[in-house]
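> Following is a predicted model, sequence given first.
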Amino acid sequence: MGKPKVAIYDFTGCEGCELQIVNCEEELLDIIGNIELVYWREAVTASPDGKTPVDCDIALVDGGITTPHDVERIRKIRSKAKILVACGSCASLGGINALKNDIPLEEAKRIVYGDMAQHFETIPAAPMRNYVKVDYELPGCPMVKAEFLKFFKWLLLGKGKWELPRHSVCVECKRKENLCVYDKGMFCIGPITRAGCDANCPSFGVPCEGCRGLVPEPNVNAALDVLSERGLTLEDAINNIKMFCNAEKPVATLHTWTKR
Amino acid sequence: MVEVYIPYLTRVEGHGNIVVKEKDGKIECRWEIPESPRFYEAMVRGKPWDKVAHITSRICGICAAGHTLASIKATEDAFGMKPTEQTWLLRMLLNYGEQIQSHSLHAFFLALPDFAGAPSVIHLIPSHKDAVLAAVRLKKLGNDIADLIGGRAVHPCCALVGGFGRIPTEKELLTLKSKLQQGQEDIKLMTTVYASLKKNIPNFERKTEYISLHWDKEYPWIDGDIVSSEAGVVPYREYLKFIHEWVKSYSSAKRAKNVFSSYTVGPLARVNNNYKQLLDSAKEVSEKLGLKIPSHNPFHSNLCRVVELVHCIDDAIAKIDKLLAKGLKEEGLQVAPRAGRGVGAVEVPRGLLVHDYTYDATGHIANANLVIPTNQNHENIEDDFRAWVPSLIKQKLSDEQIGFNLSMLVRSYDPCISCSTHLLKVDFKRE
């Protein structure tokens, strides 16, 4: 069997997730040696025929959907890719872009572009899965290097089952014996955020901001206890998780939380 | 196998279209930015002071530390805060991490192949294997600094208003210092490579206005006021006296002008305006590369990146020595939000970056203005096209050769990935 054809595409975002791939300095040669890289905009100037997207086995896509053009483009990419991977929070959750969803779009355009606003098209920010079937998601802002490497190796070997961690950031944080940032008077949403980042932020003395999205089956009672013990409300938690999940279910889910 | 690796190394950072049309001797040049609008200035409205830096960091994956520092400084300026010496030294190190990472990536992986006449860095491996390895190490060095000091190279998490979430240990700083010492060796090698290739750098000059920070004490990265080569100095809070932003319909990235129809920011502007503040070791390299200051050749930005790399590496070591000599300590974070306006002006790899916030009394953003370096260069790039294209046509170059030259010119500005630009597409039409 030949090497899998891999294409890398980016949508609206900071391109930090692509940079995370570039930053795998030590492993990148091995990865590249085991694939056929057919498209990488930042890397190869264009696809072979000068048009994109190209047929591929694996499409790695970062950034989020924020314009009508993005919608059209992700559908084309999907139709050419056997496997579509959403890389990072913008692609998986809507991410930081979705903060604009709270502002009437015409107003957002006017704030930034003034009377030239009519030249710029925008739609509510959304994750890839709102528009196309996504096979795998690697949330995180940025995408976690170690998780990407583990996932990609699994994808190439094609053995076993891939699953994102189903426990919260707190588990990883405790395992590292970090001082709980709540004890420093900070508001951390690690208790309800999906693990897999090795508790990056709390390990550097700052609160988790929920960039990997809500953990599946969160312990609602315990989370509500943590909030009330610290004199915080559900609304505070929602405001916090909005930073990366404003386009996502978590915000709506949190609104329904009550103590059982 | 390795062929596929190289494309990534020779990456083009930015999505813009070069459009050149020539008909009956009439030449039209456009540098178009079709990037999706991002709306950060609208998104930060109403957000609390302790979230703003982490939101604005997401403007750009590659200048994330610079956005974080500009944001923190704007907030501290609004709240009337001054960082401690330890915090300032750590911020300088974080800044150096980003400069080293970004400059290495651009100068060695992206720009160098152009001057070496190679399609990509991979083609340089047989002839320059040691240099390619040194370049990879230098890029990693930048990331290692930012990982340790900022908690993560892409979107640093622990640089905060008032200080740091975590202070590195003495041992960690010593390890970093030894990596920087290796970096001193690696940059020596890269300087030699650049010196040998500099004859291939196009000889195109166009005087423009050079705008950067200027600080009397040191080469300016995260301190100082705004200096223009044509208009003197204004205090950083009055940046709007020099930076006049406007919007062009074919470009979602804003543009800027001051004295002329355009000005430039970035390594060339910084070195032109602050040569005296460079460390002697950096000045020596500048001389070795034959850089005559002030230079009006935009391609010399690449040489300036090498000069700045020397400065960053040597000064990072000096900053670590200072931290170690003073002893590291937990300082806590004391922040008292208040209503008011604050400005954070810093130099990121691509030039002057300004965050300008107005806070309400509860420490929430009422208004924000962000001035991105690449935006300040767009119009200058277009003016370069207008000045250069006629002579390229006169030299009877093919469309392809003209396209290559203009691509190389745009690359020399190192347009930032997402601060405004993506793939470089050349659309050259002769009618």
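Everything's here; your move.

> Please state the mean pLDDT value computed over stretch B:42-50.
When pLDDT is averaged over stretch B:42-50, the result is 92.

> try stretch B:173-193
97.

> from memory A:Arg194 sits against A:Leu214, does it?
Yes. Assessed by CB atoms under 8 Å, A:Arg194 is found in contact with A:Leu214 at 6.8 Å. (Each C-beta comes from the backbone N, C-alpha and C, glycine too.)

> what ranges do the strands span in the stretch 151-300 of chain B?
B:159-160, B:163-164, B:209-214, B:225-228, B:232-234, B:244-248, B:251-257, B:263-264 (DSSP state E, counting those that start in this stretch).

> mind checking which of these is nearest B:Ala387?
The closest of those to B:Ala387 is strand B:263-264. By CB to CB, the value is 12.8 Å.

> which residues are contacting that closest one?
Contact with strand B:263-264 is made by B:208-211, B:228, B:242, B:256-257, B:298, B:351, B:376-377, B:380, B:413, as judged by CB atoms under 8 Å, 6 or more residues apart in numbering or on different chains.

> Is it possible to get a markdown table of the strands of the stretch 151-300 of chain B that adds mean neighbour count and mean pLDDT?
Shown next, in a markdown table, are these (neighbours: other CB atoms under 10 Å in any protein chain shown; pLDDT from 0 to 100):
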| stretch | mean neighbour count | mean pLDDT |
| --- | --- | --- |
| strand B:159-160 | 25 | 97 |
| strand B:163-164 | 24 | 97 |
| strand B:209-214 | 25 | 97 |
| strand B:225-228 | 22 | 97 |
| strand B:232-234 | 14 | 96 |
| strand B:244-248 | 14 | 75 |
| strand B:251-257 | 23 | 68 |
| strand B:263-264 | 26 | 96 |
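
> Out of those, flag the one nearest B:Thr75.
strand B:159-160 (9.7 Å).

> How far away from the center of its chain is the closest one?
20 Å (CA atoms, centre = their mean, to the nearest Å).

> what do you get for stretch B:146-164?
On CA atoms, centre = their mean, the centre of stretch B:146-164 falls 18 Å from that of its chain.

> do the same with stretch B:229-248
Distance, centroid of stretch B:229-248 to centroid of chain: 18 Å (CA atoms, centre = their mean).

> okay, and the common contacts of A:Arg194 and A:Leu214?
By CB under 8 Å, 6+ apart, no residue touches both A:Arg194 and A:Leu214.

> B:His296: what's it in contact with?
B:205-208.

> hmm, 10 Å instead?
B:204-208, B:210, B:229, B:268, B:272 (CB atoms under 10 Å, 6 or more residues apart in numbering or on different chains).

> how about the residues you listed in CSV, adding distance to B:Phe79?
Listed next are the contacts of B:His296 as CSV, based on distance: CB to CB, whole Å:
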residue, distance to B:Phe79
B:Phe204, 46
B:Glu205, 45
B:Arg206, 42
B:Lys207, 41
B:Thr208, 37
B:Tyr210, 32
B:Ser229, 33
B:Leu268, 34
B:Asn272, 34
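
> Show the buried residues in these.
Neighbour-count burial (16 or more other CB atoms under 10 Å in any protein chain shown) applied to the contacts of B:His296 gives B:204, B:208, B:210, B:229, B:268, B:272.

> between these, which is closest to B:Cys157?
Nearest to B:Cys157 out of the buried ones among the contacts of B:His296 is B:Leu268 (CB to CB; 32.3 Å).

> and the gap between the closest residue to that closest one other than its chain neighbours and chain A?
With CB to CB, 6 or more residues apart in numbering or on different chains as the criterion, B:Leu268 has its nearest non-adjacent residue at 4.5 Å, and that residue is B:Ser301. Counting by CB to the nearest CB, to the nearest Å, the gap from B:Ser301 to chain A is 19 Å.

> Buried residues in the strand or helix carrying B:Ser301, which are they?
Assigned by DSSP states H and E, B:Ser301 belongs to helix B:301-326. The neighbour-count check on helix B:301-326 (16+ other CB under 10 Å) flags B:301-317, B:319-320, B:323 as buried.

> farthest pair in the contacts of B:His296?
B:Phe204 and B:Ser229 (18.2 Å).

> what's around the closest residue to chain A within chain B, how many residues?
As assessed by CB to the nearest CB, chain A sits closest to B:Gly61 within chain B, at 2.5 Å. Residues near B:Gly61, counting by other CB atoms under 10 Å in any protein chain shown, number 28.

> B:Lys394 too?
The number of residues near B:Lys394, taken as other CB under 10 Å, comes to 8.

> distance of it from A:Ile31?
47 Å (CB to CB, to the nearest Å).

> How about B:Glu209?
B:Glu209 is 44 Å from A:Ile31, by CB to CB.

> Over to B:Glu284?
For B:Glu284, the distance to A:Ile31 - CB to CB - is 39 Å.

> who has more neighbours, the two?
The neighbour count for B:Glu284 versus A:Ile31, taken as other CB under 10 Å, is higher for A:Ile31 (19 against 14).

> What sits closest to that one if chain neighbours are left out?
Using CB to CB, 6+ apart, the closest residue to A:Ile31 is A:Phe152 (6.4 Å).

> Can I take it that the one you found is in a helix?
Yes. Assessed by DSSP: H, G, I helix; E, B strand; the rest coil, A:Phe152 belongs to a helix.

> mind listing what it touches?
A:6, A:21, A:24, A:27, A:31, A:34-35, A:58, A:60, A:85, A:138.

> Highest neighbour count among those residues?
Busiest of the contacts of A:Phe152 [other CB under 10 Å] is A:Leu60, holding 28 neighbours.

> what about that residue, which SS state?
strand.

> what bridges to it?
Counting by DSSP bridges, A:Leu60 forms beta bridges with A:Ile8, A:Val85.

> residue contacts, B:Gln334?
B:81, B:162-163 are the contacts of B:Gln334 under CB under 10 Å, 6+ apart.

> where does it sit relative to B:Phe260, distance-wise?
45 Å.

> any chance of the contacts of B:Gln334 in TSV, plus distance to B:Asp130?
Listed next are those as TSV, based on distance: CB to CB, whole Å:
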residue	distance to B:Asp130
B:Met81	46
B:Gly162	44
B:Gly163	41
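
> Keep those, but drop any that are not near chain A.
Near chain A, taking CB under 10 Å from any CB of the partner chain as the test, the members of the contacts of B:Gln334 found are B:Gly163.

> okay if I get the strands of the stretch 151-300 of chain B as a markdown table plus distance to A:Lys100?
Formatted as a markdown table, the strands of the stretch 151-300 of chain B follow (distance: least, CB to CB, whole Å):
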| stretch | distance to A:Lys100 |
| --- | --- |
| strand B:159-160 | 25 |
| strand B:163-164 | 30 |
| strand B:209-214 | 30 |
| strand B:225-228 | 30 |
| strand B:232-234 | 32 |
| strand B:244-248 | 18 |
| strand B:251-257 | 14 |
| strand B:263-264 | 30 |
